[in-house]
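Engineer: okay, here's the prediction I keep looking at, along with the sequence it came from:
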Amino acid sequence: MATAQMVQPFFYEDDCTSTVEISMTCRNLPKMDMFSDSDPFITLFLKEGKNFLKIGQTEVKKNTNNPKFDKVFQMQYKFEEEQVLKFVCEDHDKVGSHDYIGDVQVRLGELASSGEPIDFDLKHEGKLRGKIQLCAEEIGGVKAKIKFSVQCQKLDKKDFFGKSDPYFEIRKIREGKHSVVVFRSEVYKNTLNPVFKAFEIGMFLLCSGDDNTPLKFDVFDWNLNSPPDPIGTFTTSLPEIKKGKDFEIVNHEKQKKKGGKYKNSGIFHFTDIKIVPIHTFVEFLKGGLQIQLMVAIDFTGSNGNPSDPRSLHYIGGTDNEYIEAIKSVGNILVPYDSDQRIPVFGFGAKLPPNYDKAQHFFHLNGSANPEVEGVEGILAAYRQTLAHCRLSGPTKFGSILGYAKESAQNQIEEYSYTILLIITDGVIDDMTVSSDLIVESSTLPLSIVIVGVGGADFSNMHKLDADEIPLVHSRTGSQMKNDIVQFVPMREVKSKSQHFNLAKEVLEEVPDQVTTYMSSHNVEPRSAVPRVFKGAYGQAPYPPSDPYGAPPPNPYPQGYGYGVGPTPQAGGYPPYPVAPSAPPAI
């Protein structure tokens, strides 16, 4: 088979985004007209920055306080974006301005992931003005992929000192006879009877939703220092392929020269064909998939003294990069967790009471249970630790990656998926250990997202990302099965975009990582179940505002802080507990 420098096999990915259709029903609207019921209609807005952009408007329902609207809104659901929607209900007046009934704000993700319609309060100036029921359904044809196993027999001999080095391409022929390559196989060396690796390709990509779309198969002989030689070709369609028939490979130039003496240049045989449904990320969410967020924060000395405004941990009038990352990513992911309790860890700090050595894995809230409540709990634990620890080092990911791996292994049967968010300022000192753990975790329901803060050298982080070169285990030589790491250097990406969205940059690969894991383990979506979000956006408030404008009270004796040693007192100090099940620091 071909080595890396030869023709590279490829296929294009299908679009993994989902389009949802939102329908609306209102109940118990107030009577806004003197002599009749209201004439309500709904206007939909999408939040863009600090403003709301109008998306569309329903028809007006005459003389009813309980309208069911015929108009539906179609929206593209993007897991990695907040997508706050505002539904405004008004009473239509022919003359003058319309009467404002009420509104509600809600995330599209809340609607898209719910297994049933959701009721919300319509409010105006703090007063209840009726109910609105919103229902989001994923639309589009049934997605599927087709798995092929193919082989060729009796191909033409094209090489003077050998046989042939065959590979093939599939082209989809569009209207006007324009074609596009949608798949290319690997190359097999010196054979006229290659048995190719089984492969799969999305049905929409292969035939654009029309089974009768012509498909052209071109078979080539690969050459090292010159263009490939065509062996032959044939054109067919999916219904013909499904019959399992053999296809003659025809070289038209050779056919012209030999005339009636020419038979074919080989046989193309489909040995196995299977059509497998492709389940979307939304289907898994509707079935109750739990997104489990886990956060790890870097407290190494390279961040700088937190009391110095130049420090990456400095807390002043604006959010530092750590807080910005916590809020941006946390506000997207936390609502998908049913209890919204998030385990939060730190690494690289010396802790009370002794400050004797750096801890490479500790619970940020200082208790035996590392879980905190929502985004505000993460921020509180971060601020508390920052006020009472000493930044130290070196930077090691091994313990937190080991914990995440163990946690994901324990949740395989629980229909959940773990996302580990690591926020760090620089180079790690246990690259081999971290790389091996990522390889070992690449078959688990786990995604690892790393946010690099500050301006350090992040070259090792790009290696962990493994977008170009897959990671290989240092001891076993095994290659990572799935790409589960996404790294984003915050400042670098921010400087290149006027509309920087950290959550989008960090999380855009997660839906595909989830569906890839589910597909590789033959996990089907479960029956739709209701998903409970804690309050409608803007009503709870949701997401919660940050109440931690000032450092929290110090739970330790006076004298604990950055660069300040412990002050001995009678009775000693309580230990800083770590759960017994946590792996040892590496």
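Structural biologist: Nice, thanks for sending it over.
Engineer: packing partners of the longest strand belonging to the chain?
Structural biologist: As assigned by DSSP state E, the longest strand anywhere in the chain is strand 127-139. Applying 3 or more CB pairs under 8 Å, 6 or more residues apart in numbering; DSSP states H and E, one finds that strand 127-139 makes contact with strand 18-27, strand 84-91, strand 99-107, helix 108-112, strand 118-124, helix 281-286. Heads up, the C-betas are built off the backbone N, CA and C, glycines and all.
Engineer: hmm, 10 Å instead?
Structural biologist: Counting by 3 or more CB pairs under 10 Å, 6 or more residues apart in numbering; DSSP states H and E, the packing neighbours recorded for strand 127-139 are strand 18-27, strand 40-48, strand 73-77, strand 84-91, strand 99-107, helix 108-112, strand 118-124, helix 281-286.
Engineer: which ones are touching Phe148?
Structural biologist: 170, 183, 185, 196-201, 206, 241, 270-274 (CB atoms under 10 Å, 6 or more residues apart in numbering).
Engineer: for Met490, find the nearest of the helices and strands packed on strand 127-139.
Structural biologist: strand 40-48 (21.9 Å; CB to CB).
Engineer: what helices or strands is the closest one leaning on?
Structural biologist: Secondary-structure packing of strand 40-48 (3+ CB pairs under 10 Å, 6+ apart): strand 18-27, strand 51-57, strand 73-77, strand 84-91, strand 99-107, strand 127-139.
Engineer: out of those, which gets nearest to His252?
Structural biologist: Short answer: strand 18-27, nearest of those by CB to CB, at 42.6 Å.
Engineer: now the angle between strand 127-139 and that closest one, please.
Structural biologist: 150 degrees (axes from the mean of the first three to the mean of the last three CA atoms, to 10 degrees).
Engineer: and strand 18-27, what other elements does it pack with?
Structural biologist: Counting by 3+ CB pairs under 10 Å, 6+ apart, the packing neighbours recorded for strand 18-27 are strand 40-48, strand 73-77, strand 84-91, helix 108-112, strand 118-124, strand 127-139, helix 281-286.
Engineer: mind listing the strands the first one pairs with, and their directions?
Structural biologist: Sheet pairing for strand 40-48, assigned by DSSP bridges, gives strand 51-57 (antiparallel), strand 84-91 (antiparallel).
Engineer: so for the shortest one, what's the average pLDDT?
Structural biologist: Along strand 51-57, the predicted local confidence has a mean pLDDT of 92.
Engineer: got it, and stretch 334-354?
Structural biologist: Mean predicted lDDT for stretch 334-354 stands at 90.
Engineer: in it, what's buried?
Structural biologist: When burial is assessed from 16 or more other CB atoms under 10 Å, stretch 334-354 yields the following buried residues: 334-337, 340-353.
Engineer: now render the helices and strands packed on strand 18-27 as TSV, adding mean neighbour count.
Structural biologist: Output for the helices and strands packed on strand 18-27, formatted as TSV (neighbours: other CB atoms under 10 Å):
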stretch	mean neighbour count
strand 40-48	19
strand 73-77	17
strand 84-91	21
helix 108-112	23
strand 118-124	17
strand 127-139	17
helix 281-286	23
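Engineer: show me the one of the ones you listed that comes nearest Leu215.
Structural biologist: With CB to CB as the criterion, Leu215 lies closest to strand 127-139 of the helices and strands packed on strand 18-27, at 27.0 Å.
Engineer: spell out for me which residue occupies the centre of the protein.
Structural biologist: Among the residues of the chain, the one closest to the centroid is Val510, at 1.5 Å (CA atoms, centre = their mean).
Engineer: give the contact list for that residue.
Structural biologist: Per CB under 10 Å, 6+ apart, neighbours of Val510: 79-80, 281, 291, 332-333, 417, 419, 447, 449, 484, 486.
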